[in-house]
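A.B. asks: Sequence and predicted structure are below.
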Amino acid sequence: MKISKITMSAVAVMLALTLVSRAGDTPTANPFLPVLSTITQAELPAKAADLVAQAKAKQQPQTTVDVVKAAVGLNPAAAAVIVGSIAKKTPAMAAIAASTAAGLVPHQAAAIARAAAAAAPQQAGKIVEAICRVLPAAYAEVADAVADVVPGAGQEILAGVSTAIPALTGPIEKVLLADQGSVPSVSAVLGQVNSTEPSVSPVTPVSSGAAIGAAGGSIAQPLGIHPVVGPPYVPPPTSPVNYGTASGDTSGHVPPGGYTPPP
C-alpha cells in the first residue's frame, strides 16, 4: 500500500511538471509544487487559494500563475474549482487564475470562466478579456458562460471581448448602436455579430511548438482557412518541339491521316 501511494504521488508530480513547463521551451521548477503535491486532492483548491492570498501584493500575479499551474497539473479535472477558490479569496487575481487555467485545459474554458465570475462577479469583464486573449476562438462560449452567472455585467463582458479581440470591436459597436443605446443580452449581441460579420474570425492560438516568424512572433492562421497544396508548377518549354513523322519529316507539319509515330 505504501509503495502504491508513492507511485501515484510520483505520477501526479510528473504530470504537474509537464503542464507547468508546456508554455515554455525550458522546464523550470515550480516553487509551489512540493507543497501542493503533499496534500490530498480535496485540500488542493483551498491550499492554492491560501498560497495566493498570503503572497505580497507585488508578487501575487506571478504567484497566482505558478500556483494554478502546479495545482491544475496535479488535478486537471479540478481546474474550475481551483480557480473559483482563488477568485473567491483574492478577487483581484481572478482573471489571472482563470486565463492561466484555461490555457492549460482549454476544453474547460467555459467552466473555468463561470467559476471565476461566480466567485468574483465584479471582475467579470476582466475575466472574459483575460481568457479571450489566451483562447480567442472560444470568445462566445466564454462570454455566454460569464453572462449566465453575472447577467448584469453585459457591458463589461462585451468590452472584455472587444479589448481582447479588436477585430470584433466594430461589429459589436454596430449591433449596440442599432439597438439605440440599450444593452441586449451578451448572447444576442454576439449572435448578431456572428450572423452579420461572417468574415470576422479570431485567430487561433499557436502552441509553443509552432513556427516563429521573422520578427519573433507566432504564426497563426484564421479559423477555417487551410492551405491548399497543388502539384508542382512545370514551366512550358522555351521552344517548340518537333516530333517528326515515320518518314523522317521534322518540319513540324502533320501529314494527312494524322501523325504516325516512328518505329
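C.D. replies: Ah, there it is. Numbers count the residues shown, from 1 in each chain.

A.B. asks: pLDDT below threshold where in the stretch 151-263 of the chain?
C.D. replies: When the per-residue scores of the stretch 151-263 of the chain are filtered using pLDDT under 70, the ranges that remain are 181-183, 196-263.

A.B. asks: So for stretch 177-193, what gets flagged as buried?
C.D. replies: Under the neighbour-count criterion of 16 or more other C-beta atoms under 10 Å, stretch 177-193 has 186, 189-190, 192-193 buried. From N, CA and C alone the C-beta is placed, and that goes for glycine too.

A.B. asks: Same list (those residues) but as JSON lines, adding secondary structure and distance to residue 118.
C.D. replies: Rendered in JSON lines, the data for the buried residues of stretch 177-193 read as follows (DSSP: H, G, I helix; E, B strand; the rest coil; distance: C-beta to C-beta, whole Å):
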{"residue": "186", "secondary structure": "helix", "distance to residue 118": "16"}
{"residue": "189", "secondary structure": "helix", "distance to residue 118": "22"}
{"residue": "190", "secondary structure": "helix", "distance to residue 118": "20"}
{"residue": "192", "secondary structure": "helix", "distance to residue 118": "27"}
{"residue": "193", "secondary structure": "helix", "distance to residue 118": "25"}
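
A.B. asks: and which of those is nearest residue 155?
C.D. replies: Comparing these against residue 155 with C-beta to C-beta places residue 186 closest, at 9.4 Å.

A.B. asks: if I pick the closest one, what's in contact with it?
C.D. replies: If a contact means C-beta atoms under 8 Å, 6 or more residues apart in numbering, then residue 186 has 143-144, 146-147, 154, 157-158 as its contacts.

A.B. asks: Between those residues, which sits nearest residue 29?
C.D. replies: Minimum separation from residue 29 among the contacts of residue 186 (C-beta to C-beta) is found for residue 146, which lies at 33.8 Å.

A.B. asks: ok, and the closest non-adjacent residue to the closest one?
C.D. replies: Beyond its immediate neighbours in the sequence, the residue positioned closest to residue 146 (C-beta to C-beta, 6 or more residues apart in numbering) is residue 117, lying 4.4 Å away.
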